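Asker: Pasted the sequence and its predicted model underneath.
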Amino acid sequence: MTYPPPGNSDPYGQPQQPPSQDPFASPPPAYGQPAFGEQPPAATPNPYDPYAQQPPAAPQSPAYGQQSPAAPQNPYDPYAQQQSPAPQYGQPYAAPQYPAYGAPMGGPAKKNGMAIGAMATGIASIPLACCAFLGIIAGIVAIVLGIVANKQIAQRGEDGKGFALTGLICGGVGLLLGIVNAIVGVAMNLT
């Protein structure tokens, strides 16, 4: 059996540290680390390493009346946003322009209801021409609505001139087809 050497009582061979004066003192710092409360030494970059991080330059504010330099942009980044220069002292922002109280906002013009009715009735008059008298009545209504709608659009400045014109044309076609169908129907009944 082997006995530990007389100076070391640890069977695993680890050296003992002498007891410190203060049992609550922090352990000594590791190699290369600053002790508690000390500032770490400033790292000096290797001048021969092209990938070493260089210390940032202190930003300098431009003199009064001069523009600050723009941040460098990556020309290969398609998502980089262009920055507009900030306004300098003495250059106020422009106030937004709003319309006067009660003034129209300039939105889309209102469609004329009679023009929409003329178009719907005129389109319906064409298939209704198969029933002779229904096609004639629908054609007359579409023509009247189209004429009144055109007058209202001119007076009020409303939108829907194309609807009124479609009602006039389709109403005229439906009226003519209804008249022709009525004449053909009467002629067939007489023979």
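Answerer: Okay, I see it.

Asker: so which strand or helix has Gly122?
Answerer: Using DSSP states H and E, Gly122 sits in helix 113-128.

Asker: Which positions within that helix qualify as buried?
Answerer: Of the residues in helix 113-128, 114-126, 128 count as buried by neighbour count, 16 or more other Cβ atoms under 10 Å. C-beta coordinates here come from the backbone N, C-alpha and C atoms, glycine included.

Asker: swap in stretch 147-166?
Answerer: Within stretch 147-166, the residues scored as buried using 16+ other Cβ under 10 Å are 147-150, 152-153, 158, 160, 163-166.

Asker: For Lys111, what are phi and psi?
Answerer: phi -80, psi 140 (degrees, to the nearest 10).

Asker: dump the residue contacts of it.
Answerer: Under the criterion of Cβ atoms under 8 Å, 6 or more residues apart in numbering, the contact partners of Lys111 comprise 158-160, 163.

Asker: and which of the residues you listed is nearest to Val141?
Answerer: Each of the contacts of Lys111 was scored against Val141 by Cβ to Cβ, and Phe163 proved nearest at 14.7 Å.

Asker: per-residue pLDDT, the closest one?
Answerer: Note for Phe163: predicted pLDDT of 95.

Asker: can you pull the contacts of it?
Answerer: Applying Cβ under 8 Å, 6+ apart to Phe163 gives the contacts 111-112, 115-116, 118-119, 149.

Asker: And for Leu168?
Answerer: Residues counted as contacts of Leu168 (Cβ under 8 Å, 6+ apart) are 118, 122, 142-143, 146-147, 150.

Asker: Which helix or which strand is home to it?
Answerer: Secondary structure (DSSP H and E) places Leu168 in helix 161-190.

Asker: Let me see the backbone angles for Lys159.
Answerer: In this structure residue 159 is Asp, not Lys. Geometry field for Asp159 lists phi and psi as phi -100, psi 150, criterion degrees, to the nearest 10.

Asker: Surely Gly146 is in contact with Leu165?
Answerer: Yes: contact criterion Cβ atoms under 8 Å: Gly146 and Leu165 qualify, at 7.1 Å.

Asker: re the thing from before, for the helix holding Leu168, buried residues please.
Answerer: Of all the residues in helix 161-190, those buried under the rule 16+ other Cβ under 10 Å are 163-178, 181-182.

Asker: Model confidence for Ala58, exactly?
Answerer: For Ala58, the predicted pLDDT is 63.
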